[in-house]
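Chemist: Compute the structure for the input listed below.
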Amino acid sequence: MDVNEFDFDLPERLIAQTPLLNRTTSRLLTLDKTSGATGHHTFGQLIDFLQAGDTLVLNDTRVIPARLFGVKADTGAQVELLLLKQLDGDRWEALARPAKRLKQGAVIRFGGAEADGGPDLQAVVEDEGEMGARVVRFEYEGIFQEILDRLGSMPLPPYIKEKLDDRERYQTVYARHPGSAAAPTAGLHFTPDYLDAIARKGVRIVTLTLHVGLGTFRPVAVSRVEEHTMHEEFYSVPAETAAALNAAKAEGRRIIAVGTTSARTLETVAGRFEVREIEACDGWSGIFIYPGYTFKLVDAMVTNFHLPKSTLVMLVSALAGSEQIRNAYQEAIKREYRFFSFGDAMFIY
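Modeler: Purely as a prediction, here's the structure:
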């Protein structure tokens, strides 16, 4: 399958640069995956498409201030690290820029200068990977998360040029477990009051965790879809969620994933347990979903509009059909929907 089948022209003016003041006032394009019929609404009307007995699955990961700016200890050259995945203890996988300056053994300093008693944080490059990936080991005194909160910045995608004044607008209102390098952006449209209203309708709301890393936003650098390899991301499914998923499947009720990260976690777990009942679990997900895939748990999905030729647009094409996604995206462009992280939403059902 040619990657170019998932390409499309998107006017730059449609890339949302800032979040809306009210989360639920974004627009909502609905897509019936059986008929291909579309509708145009506000996100506040999503509740009209939900049914009592549905199970809504949220990814409760929390974005960490994962972008660090520092200098090489030997030359003073400026470098940047984007933390992607905690490996063990103080060892992290990160993206480095410019990567060519950071060979194995290189030392990077962040924060205070030598004249002030030394850096607040120091990283040693332990290993080199592909496409700018590095394994680094941090050295510091105190609590790492507090240091990161002070020195790090939110890892907004490169297509967002505007400064984000409020860090919490790049977090879902239900974010609990720190560890992501990017937000599960489909969840940015919900507020606590709106989730309460959805629950009162009889929709069961459950959570799981997938820490968003390189696997979610790594570009597809091959010409054939099948040749792309996903980067693994950590996930966790609690017992309450596992029980709710089992009940939904047994009763024939819809499971609705909020975002591609929730969808990928659900399908990873479905493959892990196959014909058995799902249990509380954690592990690493490297699942790559593209057209031809048969969904085992996900019946419907709330999602944003994604980058051309991305694994995310391939995933939604697997759920709704490539032609129907292509038509829906062209309709969204024609009607000037806002795209990507701070953009509008889509409900595929």
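
Chemist: switch to C-alpha atoms for all contacts and neighbour counts from now on
Modeler: Noted.

Chemist: got the residue ranges for the helices in this protein?
Modeler: 144-151, 192-200, 214-217, 239-251, 260-273, 311-320, 322-334 (DSSP state H).

Chemist: quick one: which of the ones you listed is nearest Asp48?
Modeler: helix 192-200 (9.4 Å; C-alpha to C-alpha).

Chemist: Need the residues that contact the closest one.
Modeler: Helix 192-200 is contacted from outside by 44, 47, 50, 173-174, 205, using C-alpha atoms under 8 Å, 6 or more residues apart in numbering.

Chemist: Just the buried subset of the residues you listed, written out for ChimeraX, thanks.
Modeler: Typed into ChimeraX, the line below selects the buried ones among the contacts of helix 192-200, using 16 or more other C-alpha atoms under 10 Å:
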select :44,50,173,174,205
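
Chemist: In strands only, show me the contacts of helix 192-200.
Modeler: Members of the contacts of helix 192-200 lying in strands (criterion: DSSP state E): Ile205.

Chemist: Adding pLDDT as columns, could you present the contacts of helix 192-200 in a markdown table?
Modeler: Formatted as a markdown table, those follow (pLDDT from 0 to 100):
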| residue | pLDDT |
| --- | --- |
| Gly44 | 97 |
| Ile47 | 98 |
| Leu50 | 98 |
| Val173 | 98 |
| Tyr174 | 98 |
| Ile205 | 98 |
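
Chemist: shaky segments in the stretch 101-250 of the chain?
Modeler: 113-118, 214-217 (pLDDT under 70).

Chemist: what are the ranges of the strands in it?
Modeler: Assigned by DSSP state E, counting those that start in this stretch, the strands in the stretch 101-250 of the chain fall at 107-110, 121-128, 133-140, 177-180, 204-210, 233-237.

Chemist: got TSV for the helices of the chain, with mean neighbour count and distance to Leu20 too?
Modeler: Below are those laid out as TSV (neighbours: other C-alpha atoms under 10 Å; distance: least, C-alpha to C-alpha, whole Å):
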stretch	mean neighbour count	distance to Leu20
helix 144-151	14	25
helix 192-200	14	16
helix 214-217	20	23
helix 239-251	16	31
helix 260-273	22	21
helix 311-320	23	23
helix 322-334	17	18
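
Chemist: Which one, of those, ends up nearest to Glu168?
Modeler: helix 144-151 (12.9 Å).

Chemist: Which strands or helices does that closest one pack on?
Modeler: Packing contacts for helix 144-151, counted by 3 or more C-alpha pairs under 8 Å, 6 or more residues apart in numbering; DSSP states H and E, involve no helix or strand.

Chemist: Next, the angle strand 133-140 makes with it.
Modeler: Per axes from the mean of the first three to the mean of the last three C-alpha atoms, to 10 degrees, the angle that helix 144-151 makes with strand 133-140 is 100 degrees.

Chemist: what residues does helix 144-151 touch?
Modeler: Residues from elsewhere that reach helix 144-151, judged by C-alpha under 8 Å, 6+ apart: 64-66, 68, 110-111, 120-121.

Chemist: Show me which of the residues you listed are buried.
Modeler: 64-66, 68, 110-111, 120-121.

Chemist: now, among these, which is nearest to Asn4?
Modeler: Nearest to Asn4 among the buried ones among the contacts of helix 144-151, with distances taken as C-alpha to C-alpha, is Ala66, at 31.5 Å.

Chemist: where's the closest residue to that closest one other than its chain neighbours relative to Glu146, distance?
Modeler: Excluding its sequence neighbours, the residue lying closest to Ala66 (C-alpha to C-alpha, 6 or more residues apart in numbering) is Leu83, at 5.0 Å. Using C-alpha to C-alpha, to the nearest Å, Leu83 is found at 15 Å from Glu146.

Chemist: Thanks again, I'm all set now.
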